[in-house]
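Participant: fold the following for me, if possible:
(one chain, ligands or ions: 1)
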Amino acid sequence: VSGTQLVEARQACEQAATAGREVLARGGSALDAVEAAVIILEDCPVLDAGRGSYPNSEGFVEMDALIMDGRTLEMGAIAAIQRVRHPVTLARRVMDKSGHHFLVGPGADAFADSIDFPRCDISELLVDNDQEPAELAVASVPGLSDTVGAVALDSHGNVAAATSTGGTPNKRPGRVGDSPLVGCGAYADNWTAAVSATGYGEALMRVVISKRVCDLVGTGLSAAAACNAAIRLLEERTGGDGGLIAVDARGQVGWAYNTTAMPYAYATGDSPVVVGH
Ligand code: ASP
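Facilitator: Here you go, the predicted structure:
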């Protein structure tokens, strides 16, 4: 990933945080806010979700997404879905309309069509991120994980989390990572926190990382300390790389990563959006 791509990713994070805050300011729920934020990130071509997803080993784009409501523990997830611009919104429809919590592959396709969910051409999802003029590539940031996610706490004390991904580059068809797995790619529980994860799915899923952060918050750790502890555990138990964002039920934010970079942004109250990586 080049320096300009990192700048673009940070801008998308800033826009996403701003959009999420606007939803909350209008009285929208944490669930609405995380969906709005992830939609913006799915549209960003340098991030591996929606537009900009990595193709699999056969050249197709198979995407995974999860959304979770910390108030009710309701969740919707979708895996190996093709030809949709906004997998996070389809995951929300799974939660609201399917009578189930997790749909995959052809069944997910059939559900999308049954509710007239907008479909797109694969060419709208594939972006050649390598075709950047060399003079614009100011820095190289190897190992950046590009799955996107959002967490929010609303004025009613409800938290929510959402995660969306195109998965790992060149993956085997049918491969599903951590992102749509509840407790792995995301978790939200009003009693503790909302968490979203990125990184090497084959490692993250084995330590059920997002639920683990919530459990650590439940033992009294801050969101920041819990994220740090979970990343340390990921490293020690699997040797894998990952990143986390979290907001706890008291409104404290936290993040941690052992990748080279992880662009992030957050907005609290009326304060200016904070952006970093
Ligand atoms: N966690 C995602 C997956 O394994 C990939 C990523 O975060 O880059 O599918």
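
Participant: contacts only, for the closest residue to the ligand within the stretch 51-200 of the chain.
Facilitator: Proximity to the ligand, evaluated over the stretch 51-200 of the chain using C-beta to the nearest ligand atom, is greatest for residue 177 at 2.5 Å. No exception for glycine: its C-beta is placed from N, CA and C like everyone else's. Counting by C-beta atoms under 8 Å, 6 or more residues apart in numbering, residue 177 makes contact with 64, 165, 167, 168, 171, 185, 201, 202, 204, 205.

Participant: one more pass at 7 Å, please.
Facilitator: 64, 165, 167, 168, 201, 202, 205 (C-beta atoms under 7 Å, 6 or more residues apart in numbering).

Participant: do the same with residue 207
Facilitator: Counted by C-beta under 7 Å, 6+ apart, residue 207 has contacts 233, 234, 237, 238.

Participant: JSON lines for the residues you listed, including pLDDT, secondary structure and neighbour count?
Facilitator: Below are the contacts of residue 207 laid out as JSON lines (pLDDT from 0 to 100; DSSP: H, G, I helix; E, B strand; the rest coil; neighbours: other C-beta atoms under 10 Å):
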{"residue": "233", "pLDDT": "98", "secondary structure": "helix", "neighbour count": "15"}
{"residue": "234", "pLDDT": "98", "secondary structure": "helix", "neighbour count": "26"}
{"residue": "237", "pLDDT": "98", "secondary structure": "helix", "neighbour count": "11"}
{"residue": "238", "pLDDT": "98", "secondary structure": "helix", "neighbour count": "17"}
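
Participant: the residue of the stretch 51-200 of the chain closest to the ligand belongs to a helix, doesn't it?
Facilitator: No: under DSSP: H, G, I helix; E, B strand; the rest coil, residue 177 sits outside any helix and is assigned coil.

Participant: tell me which residues form a beta bridge with residue 188?
Facilitator: residue 194 (DSSP bridges).

Participant: surely it touches residue 69?
Facilitator: Yes: at 6.4 Å, residue 188 counts as touching residue 69 under the criterion of C-beta atoms under 7 Å.

Participant: okay, helices next: where are they in the chain?
Facilitator: Secondary structure of the chain (DSSP state H): helices at 3-25, 30-43, 87-97, 105-114, 201-204, 209-218, 223-238.

Participant: and those: which comes nearest residue 75?
Facilitator: helix 87-97 (6.1 Å; C-beta to C-beta).

Participant: wait, does the closest one contact the ligand?
Facilitator: No: figure legend: helix 87-97 not in contact with the ligand (C-beta under 6 Å from any ligand atom); closest approach 12.0 Å.

Participant: then that helix to PDB, C-alphas only?
Facilitator: Taking C-alpha atoms only, helix 87-97 is exported to PDB below (Å, rounded to 0.1, in the frame of the first residue of the first chain):
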ATOM      1  CA  PRO A  87     -22.400  -6.000   2.000                       C
ATOM      2  CA  VAL A  88     -23.000  -4.300   5.400                       C
ATOM      3  CA  THR A  89     -26.500  -3.300   4.400                       C
ATOM      4  CA  LEU A  90     -27.200  -6.800   3.200                       C
ATOM      5  CA  ALA A  91     -26.000  -8.100   6.500                       C
ATOM      6  CA  ARG A  92     -28.500  -5.700   8.200                       C
ATOM      7  CA  ARG A  93     -31.300  -7.000   6.000                       C
ATOM      8  CA  VAL A  94     -30.400 -10.600   7.000                       C
ATOM      9  CA  MET A  95     -30.800  -9.400  10.700                       C
ATOM     10  CA  ASP A  96     -34.100  -7.600  10.000                       C
ATOM     11  CA  LYS A  97     -35.800  -9.700   7.300                       C
END
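
Participant: what comes up buried for that helix?
Facilitator: 87, 88, 89, 90, 91, 92, 93, 94, 95 (16 or more other C-beta atoms under 10 Å).

Participant: let me know the angle separating it from helix 105-114.
Facilitator: In terms of direction (axes from the mean of the first three to the mean of the last three C-alpha atoms, to 10 degrees), helix 87-97 departs from helix 105-114 by 80 degrees.
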